[in-house]
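> structure of the sequence below:
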Amino acid sequence: MLASVPSPEAGKRLRAERLRIRLSTRDVEDLSHAIAEEMKSPDYLISHSWLTQVENGKLVPRNIYKLFSLSRIYELRPDQVLAFFGISFGELRKGYMSLNLPRTHLVGPAHEEPGQTMLAPLGLRGAARLEQTNLVSRMFESWGEIPVALLQQVDLRNSVFGYIGLKDYTLYPFIRPGSLVQIDSRQKTIKSGVWPSDLERPIYFIELRDDCVCSWCDLHGNQLLLIPGPQSGQSIRRVRYPMDAEVVGRVTAIVMPLTDKQGI
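Modelled structure (predicted):
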């Protein structure tokens, strides 16, 4: 239900929608009777006097059934009607991220807003080699709009995505081969210092002349040190910076498999 706080602006918007489809308040009342009969419940009824009070900002609807009737009559989605009264379905997405729920739990099905889309990769390029680390944008033939139900906390405006090659163990086990990493393209400055642990040390995605690397980094003058994890079996690489290396950004999130393809 909605809070019983007067909402003149919401009432004006509802009136505008009614006038858009050229209905009187009596027409709305008659149409709501048809809906109530169809749904076999008087809760769907909208009286002339009730609607007049809502439109004049003297009353806020607290009955979800009446809101349903208004949505059908005005040919609007329920979330659009709720938005008139300052309630956004988009706020639902903040739930588990902003309220800091205390218990570990399964995240319920993501709520997809009607018509919401995002750019997603379509069609792997024939030359793409999954064993090599690369930027996701270069691995696919094209990008197209598809409905989105996940990745709703991702900052798409400032993020780039990288793929960790199946043969790339540079930061194993912190980042396993086959992982996807989110890269904040605004954070290009290599931070130096003493870190409490390897988990707190910044990770950067680096584009070289002939490949890409996701690693810890140190910058000594014009020498960029690409530092692998202690379990990788690799040595520190030194490359000229910025001549032979570009810092794409700092890794801020990881989607990582916990098993290999065989599930071992």
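
> show the pLDDT at the closest residue to residue 57 other than its chain neighbours.
For residue 57, ignoring the flanking residues on the chain, the nearest one in space by Cβ to Cβ, 6 or more residues apart in numbering is residue 8 at 3.1 Å. No exception for glycine: its C-beta is placed from N, CA and C like everyone else's. Looking at residue 8, its pLDDT stands at 75.

> kindly report the same for the one 5 residues further on.
According to the per-residue confidence, residue 13 scores 90 in pLDDT.

> hmm, who's touching the helix or strand hosting it?
Per DSSP states H and E: residue 13 is located in helix 8-20. The contact list for helix 8-20 (Cβ atoms under 8 Å, 6 or more residues apart in numbering) reads 25, 28, 51, 54-58, 60, 70, 74, 76, 81, 84-86.

> how about the helices of this structure, start to end?
8-20, 25-39, 48-55, 64-73, 78-84, 95-98 (DSSP state H).

> pick the most deeply packed of those helices.
Comparing those on average neighbours per residue, with mean count of other Cβ atoms under 10 Å, the densest one is helix 64-73 at a mean of 19.

> show me what that helix is packed against.
helix 25-39, helix 78-84 (3 or more Cβ pairs under 8 Å, 6 or more residues apart in numbering; DSSP states H and E).

> of all these, which lies closest to residue 192?
With distances scored as Cβ to Cβ, the stretch of the helices and strands packed on helix 64-73 nearest to residue 192 is helix 78-84 (47.4 Å).

> for the closest one, C-alpha coordinates in CSV please.
Below are the C-alpha coordinates for helix 78-84, written out as CSV (Å, rounded to 0.1, in the frame of the first residue of the first chain):
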residue,chain,number,x,y,z
PRO,A,78,1.6,-0.8,-12.9
ASP,A,79,5.2,0.5,-12.3
GLN,A,80,4.4,3.6,-14.3
VAL,A,81,1.4,4.4,-12.1
LEU,A,82,3.4,3.8,-8.9
ALA,A,83,6.1,6.1,-10.3
PHE,A,84,3.6,8.9,-10.2
